[in-house]
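[1] structure, please.
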Amino acid sequence: MEPRVWFAHFWGVTKFLVICAFYAHVVNGDHSPFTRYYKPGDLILGGLFSFYREVNGTCSALNTLRHTFGRIEAMIYAIEKINNDSNILQNVTLGYSIYDDCGQESFGLASSLHMLGLHDTCDARTNEPPIVGIIGPEYTKVTIAANHLFSFYEVPHISASASSDELSDRTRFPYFSRLVPSDNFQIGAIIDIIEHFKWKYVSAVYSNEDYGEHGIGELIDRSLKNDKFCLGATVAISESATRSEVDRAIRQISRRADVEVIVLFSLPGIAQKFLDGMARADLIGKYTMICSDAIIALRSNQVYFNQLKGSILINPYSSQRLPYFDKHINEVGKAAMDDINSTNNTFIRALVNGCNGQNKNRNESEKMCAELNQTQLTDYSLRTWAAIVIDAVNVIAHALNSTRSEKTDGVNLYNQILNTSFYGERGLIKFMENGDFPGSYIIENIVQDGDKCTSRVVGRWDTQNETRLSFTGDVQWPFDHDPIAICSQPCPAGMVMKEHGDNPLCCWECFECLDYQITSDNGTMCLECPDFYWPDTARTKCELVDPKFMRIGDPAAVFFILLSTLGLIISVLTSVVYIYHRNHTLIKASGREVMCIIMIGVVLSYIMVFFFVSEPKNGVCGVARVGLIMSFTWTYAPLLVKVFRINRIFHSAQKSPQKPKYIETSYQILFSIFLISFQVSSYLLPSVRDLCFRCCDA
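    Take a look at the predicted model:
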């Protein structure tokens, strides 16, 4: 069976099960199963918006005004403006068929089936023109679910806010385009911000769904290839997360005191859960956050927006106001509140009826009234929430106008959409080859403004600029210092890093090198200094040691010279007297020959002092080293022989009157010369000699 035929059969079964099951699921809610606003025309544009949101399994909770009739009215306003413009789509009237998708896959898929007239199992509409293009859905998860249906029936759809990089795949999403940059660009902007402020180690919180998972997954992949920063604690929070689960995630984030930067890549509802948990842990104001584009929705909730004070906001939209549309919203809202019959807009009527008490949930009724009352404020503005929808409608209108001479099918229309280029409400509107919008973001800083927080533009990120990221203003942090974002403190001088943990690039322990070692350029190894070199103060290089020695003019040297001279004079005089009385009985009995050798050693000892206080040179150093050994050996070797001879004489006399062998004078001289020669020759062996003379090579 051909894939297309198989797919048709598959959808034939699926649409029946989805629609009928969905009717059974939502029919008991506070509103009709499929909220729809329809106006006939020659060509029909579809719209999928999140008017309601799911709470406790039912789509009964009203979304914020910007998600409710703000975007819906922007689509209607743009279509009516095109219908009144004689320069585009002449003799063609655009109609619309707008549905609520509740921000959920199942509800969005069911609404899509209704919109395309594929619900013949329950409530067929055969007289309506087919849908030629669709604005929406807003959420990535709904877009992915509805895409298979739109792609099969070749219906182009333009999203105003779905930014997941997963949607950039033309093979999976062949008729999809969007007027917001892909999250690939957004991750690039976040990384450039991290690198700009030289943060080395940041935490991340993301929503456990397509938008958050793909965004943070891309950030993790790029951080592994980046040698400038690391991701620390990375935690996911789901829509169904309990308070204890959120608190556990926050404890994981707050373990490190040296990490004050968090990447918040989350849907608004999950971000609210996270901020609630931060408030419970008394951590509000102790972190600065880099917020993804979805967090922009928290502007409508001042309580949560205030908690983001000092954070950075990635805004893919310009902040330009549309005064003419703000005035239109003000008039529509006021007219509907004065007389509900003044509008046929199903969504506005639902708001007014809910405000008038027809909603069973009192909190929701109060919320609806509050939302409507906002439109009456003089400074009220939908800003880009309206501009992006108006631009999306104009894209399809321009594409339809360009294909009027051709067959208006989905393939031709989508190709024309990709080739459409014009200046819209937000500047140049132009698509990339895969239907993505070029990467361009406004960098905003959330700051205190009186008793509330607002955002101000501090920079811009644009792929078309050479530097991409540029800051035009100073960022105000939530504390009185620049945010700290490190895993380990730099090692002090003389210490090296030993990697540990899951992020060896950013996390390490410090170990001290030995006194004669320096640290390598990357601070990971201890290196020994060569001979005659010593580490500098920073312990990063070896410096030649400046030789220090005792000079003849030094007081200590003078003292030693005088003392040695005196000793030398006494020794020489003693030797002269000893030689002069060499035949005296007492001198003969003392062993005059051996005593002469000892006297030579004593004289050498005094002479060596003059070499030690002289400037070190090769010859001087060599004589000093060898002479010191010789003088001591020349003194103690004969003395050892003499003591040994006396010991043998007395020890032998106790046993026998016979004179011991080898006690004659000649033997004493021979033994003394042997000991002296052995000591000196062993010292002068090549290996030992080299060791001793190294100091003289400097």
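[2] show me where the stretch 501-650 of the chain has strands.
    508-512, 517-519, 526-528, 533-535, 542-544 (DSSP state E, counting those that start in this stretch).
[3] what comes into contact with the third one?
    When contacts are taken as CB atoms under 8 Å, 6 or more residues apart in numbering, the neighbours of strand 526-528 outside the stretch itself are 496, 513-514, 516-520. Where you see a C-beta, it was placed from the backbone N, CA and C, and this is true even at glycine.
[4] quick one: strands adjacent to that strand?
    Strand 526-528 has the following sheet partners, assigned by DSSP bridges: strand 517-519 (antiparallel).
[5] same question for the fourth one.
    Strand 533-535 has the following strand partners under DSSP bridges: strand 542-544 (antiparallel).
[6] ok now the partner strand, how far from the chain's centre?
    38 Å (CA atoms, centre = their mean, to the nearest Å).
[7] residue 663 reaches residue 648, doesn't it?
    Yes. At 6.4 Å, residue 663 counts as touching residue 648 under the criterion of CB atoms under 8 Å.
[8] returning to what we had before: and among the strands of the stretch 501-650 of the chain, the most buried is which?
    Most buried of the strands of the stretch 501-650 of the chain, by mean neighbour count (mean count of other CB atoms under 10 Å): strand 517-519, with a mean of 21.
[9] how long is stretch 575-588 end to end?
    14 Å (CA to CA, to the nearest Å).
[10] hey, where'd the strands end up in the stretch 351-500 of the chain?
    Using DSSP E, counting those that start in this stretch, strands in the stretch 351-500 of the chain cover 421-424, 427-430, 440-449, 452-462, 469-471, 495-499.
[11] tell me the helix or strand right after the longest helix along the chain.
    Longest helix in the chain by number of residues, with DSSP state H as the criterion: helix 618-653. Sequence order places helix 665-683 as the next helix or strand after helix 618-653, per DSSP states H and E.
[12] can you show me the CA trace of that next one as PDB?
    What follows is helix 665-683, C-alpha atoms only, in PDB (Å, rounded to 0.1, in the frame of the first residue of the first chain):
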ATOM      1  CA  THR A 665     107.500   3.700  62.000                       C
ATOM      2  CA  SER A 666     107.700   2.700  58.300                       C
ATOM      3  CA  TYR A 667     104.500   0.700  58.600                       C
ATOM      4  CA  GLN A 668     102.700   3.600  60.300                       C
ATOM      5  CA  ILE A 669     103.700   6.000  57.500                       C
ATOM      6  CA  LEU A 670     102.600   3.400  54.900                       C
ATOM      7  CA  PHE A 671      99.200   2.900  56.500                       C
ATOM      8  CA  SER A 672      98.700   6.600  56.800                       C
ATOM      9  CA  ILE A 673      99.500   7.200  53.200                       C
ATOM     10  CA  PHE A 674      97.200   4.400  52.100                       C
ATOM     11  CA  LEU A 675      94.200   5.800  54.000                       C
ATOM     12  CA  ILE A 676      94.900   9.300  52.700                       C
ATOM     13  CA  SER A 677      95.200   8.000  49.100                       C
ATOM     14  CA  PHE A 678      92.100   5.900  49.400                       C
ATOM     15  CA  GLN A 679      90.000   8.800  50.600                       C
ATOM     16  CA  VAL A 680      91.200  11.300  48.100                       C
ATOM     17  CA  SER A 681      91.000   8.900  45.100                       C
ATOM     18  CA  SER A 682      87.500   7.800  45.900                       C
ATOM     19  CA  TYR A 683      86.500  11.500  46.100                       C
END
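[13] please name the residues that touch residue 630.
    So residue 630 contacts 601, 604, 676, 680 (CB under 8 Å, 6+ apart).
[14] just checking, the third one touches residue 632?
    What that stands for is residue 676. No. The pair residue 676 / residue 632 is not scored as a contact, 10.3 Å apart, by CB under 8 Å.
[15] more neighbours: which of the two?
    residue 676 (20 against 15; other CB atoms under 10 Å).
[16] any idea how far the more buried one lies from residue 110?
    Taken as CB to CB, to the nearest Å, the spacing of residue 676 relative to residue 110 amounts to 111 Å.
[17] repeat that for residue 388.
    25 Å.
[18] before we move on, what about residue 415?
    29 Å.
[19] neighbour count for those two, which is higher?
    Shown here are residue 415 and residue 110; by other CB under 10 Å, residue 110 has more neighbours (28 against 14).
[20] and the pLDDT at that one?
    Looking at residue 110, its pLDDT is 88.
[21] and it, what are its phi and psi?
    Main-chain torsions, residue 110, degrees, to the nearest 10: phi -70, psi -40.
[22] endpoints of stretch 220-232, how far apart?
    10 Å.
[23] next, the buried residues of that stretch.
    222-223, 229-232 (16 or more other CB atoms under 10 Å).
[24] ok, stretch 566-583 next?
    Buried-residue list, stretch 566-583, by 16+ other CB under 10 Å: 568, 571, 575, 578.
[25] those residues into CSV, with extra columns for pLDDT and distance to residue 284?
    Output for those, formatted as CSV (pLDDT from 0 to 100; distance: CB to CB, whole Å):
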residue, pLDDT, distance to residue 284
568, 88, 87
571, 87, 89
575, 85, 95
578, 84, 98
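[26] so which of those residues sit within helices?
    568, 571, 575, 578.
[27] which of the residues you listed lies closest to residue 135?
    Proximity of these to residue 135 (CB to CB) peaks at residue 568, which lies at 111.5 Å.
[28] what is the neighbour count of the nearest residue to the closest one once chain neighbours are set aside?
    Nearest non-adjacent residue to residue 568, counting by CB to CB, 6 or more residues apart in numbering: residue 606, 4.2 Å away. Around residue 606 there are 19 other residues, counting by other CB under 10 Å.
[29] make 41 the first number, not 1, from now on.
    With 41 as the first residue, the last one maps to residue 646.
[30] residue 646 against residue 610, yeah?
    No. Counting by CB under 8 Å, residue 646 stays clear of residue 610, with 9.1 Å between them.
[31] other residues contacting the strand or helix carrying residue 94?
    Assigned by DSSP H and E, residue 94 belongs to strand 92-95. Residues outside strand 92-95 that contact it (CB under 8 Å, 6+ apart) are 71, 75, 99-103, 107, 140, 142-144, 147, 309.
[32] what's the PyMOL syntax to select whichever of those residues are buried?
    The following PyMOL line selects those of the contacts of strand 92-95 that are buried, judged by 16+ other CB under 10 Å:
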select buried, resi 71+75+99+100+101+102+103+107+140+142+143+144+147+309
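[33] so where's the stretch 591-738 of the chain uncertain?
    693, 725-738 (pLDDT under 70).
[34] if we can go back for a sec, angle of the longest helix of the chain against helix 705-723?
    140 degrees (axes from the mean of the first three to the mean of the last three CA atoms, to 10 degrees).
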